[in-house]
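Novice: Okay, sequence plus prediction incoming.
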Amino acid sequence: MTKIRLLPLVVAAALVLLGLKVVELGFGGARERAGVGREVVALDPVTGREVDMIATGSSEGGEQKPKEGEHGAPPAEAGGHGAGVTPSKVETKVSGDKPIEAKPVPGQELLSEIEILQKLAERRKQLDEMERQLQMREDLLRATEGRIAKRIDEMKGMEAKLGEAAKAKDEGNSQQISDLVKMYESMKAKDAARVFDKLDISLLAEIARQMNPKKLGDVVSKMASDQAEKLTVELSNRRQREAVPATPAPQTELPKIQGRS
């Protein structure tokens, strides 16, 4: 019979157990780093009790740590290290947690857009009202300008008519005075002087200015002394007024200032 060698089998079994132990330790460290604390419970093949693998460690070699409160287990000291902490429950804190970001309230953006549109609509109404008022003022100004222009045209027409009437009157008066001058020059000096004594001084001065100076001298010598004196003074004043140049009318508007080019 072939002899079975025990040493290679023992070595192989030890290597397998060592590998399992390494794998278990690797998974346990990964769970602790991830902050996941779990309670690993197994049954003791000897006593049939539940054994906390995290609290007691590996069950290899048959060594087990008695639980607190069981026979032969030392009681935990009050206030000592680890007092009041359940070994099977390990809490870890993950240091890389991100702060919770505030999420926008549903519909808030829509409400903001509605408020903006309402404000724009109100502003549009204000602008339309301002435009309407400006248009009304512009229409009133145009109507006023039209009435003023019409009134100016009417005044110009009236002025032209008055000028024509005055010109016709002056021409008619001149013609009448010329006829009177011819009539008085054809009369005798004594008869003409008797008529001159009763005429108005302004009309008499107009007739005397157009008469022949020699004939006028004969008539004045036959006139009453007071009327002859008045006629002489009136003729002298008229000659002085005609000799003085007419003064220009005062300017009602300021002269325009022309800009330098």
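Specialist: Thanks, I have it.

Novice: Quick check: the gap between residue 113 and residue 208.
Specialist: Distance of residue 113 to residue 208, given as Cβ to Cβ, to the nearest Å: 100 Å. Just so you know, the C-beta spots here come from the backbone N, C-alpha and C atoms, and that holds for glycine as well.

Novice: now swap in residue 129 and tell me
Specialist: Note on residue 129: its distance to residue 208, by Cβ to Cβ, is 77 Å.

Novice: what's the answer for residue 143, then?
Specialist: Residue 143 is 58 Å from residue 208, where distance means Cβ to Cβ.

Novice: higher neighbour count, these two?
Specialist: Set side by side, residue 143 and residue 208 give different neighbour counts by other Cβ atoms under 10 Å, the larger being at residue 208 (22 against 10).

Novice: which residues of this protein fall in helices?
Specialist: 6-33, 53-56, 108-186, 189-196, 201-210, 213-222, 225-243 (DSSP state H).

Novice: so can I have CSV of these showing mean pLDDT?
Specialist: Formatted as CSV, the helices of the chain follow (pLDDT from 0 to 100):
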stretch, mean pLDDT
helix 6-33, 78
helix 53-56, 52
helix 108-186, 87
helix 189-196, 89
helix 201-210, 87
helix 213-222, 88
helix 225-243, 87
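
Novice: Using PDB, list the CA coordinates for stretch 199-214.
Specialist: Output in PDB follows, covering the C-alpha atoms of stretch 199-214 (Å, rounded to 0.1, in the frame of the first residue of the first chain):
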ATOM      1  CA  LEU A 199     -61.400 178.600 -44.700                       C
ATOM      2  CA  ASP A 200     -59.800 176.100 -42.300                       C
ATOM      3  CA  ILE A 201     -56.100 176.800 -41.700                       C
ATOM      4  CA  SER A 202     -55.000 173.300 -42.700                       C
ATOM      5  CA  LEU A 203     -56.900 173.300 -46.000                       C
ATOM      6  CA  LEU A 204     -55.900 176.900 -46.700                       C
ATOM      7  CA  ALA A 205     -52.200 175.900 -46.200                       C
ATOM      8  CA  GLU A 206     -52.600 173.000 -48.700                       C
ATOM      9  CA  ILE A 207     -54.100 175.400 -51.300                       C
ATOM     10  CA  ALA A 208     -51.500 178.100 -50.700                       C
ATOM     11  CA  ARG A 209     -48.600 175.700 -51.100                       C
ATOM     12  CA  GLN A 210     -49.700 174.900 -54.700                       C
ATOM     13  CA  MET A 211     -50.600 178.500 -55.800                       C
ATOM     14  CA  ASN A 212     -48.300 180.700 -57.800                       C
ATOM     15  CA  PRO A 213     -46.300 182.700 -55.200                       C
ATOM     16  CA  LYS A 214     -47.000 186.100 -56.900                       C
END
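
Novice: who's in contact with it?
Specialist: Contacts of stretch 199-214 with the rest of the structure, by Cβ atoms under 8 Å, 6 or more residues apart in numbering, involve 177-178, 180-181, 184-185, 196, 216, 219, 230-231, 234-235, 238.

Novice: what sits against residue 150?
Specialist: Residues counted as contacts of residue 150 (Cβ under 8 Å, 6+ apart): none.

Novice: ok so, going back, highest neighbour count among the contacts of stretch 199-214?
Specialist: Each of the contacts of stretch 199-214 was scored by neighbour count (other Cβ under 10 Å); the top score is that of residue 219, with 25 neighbours.
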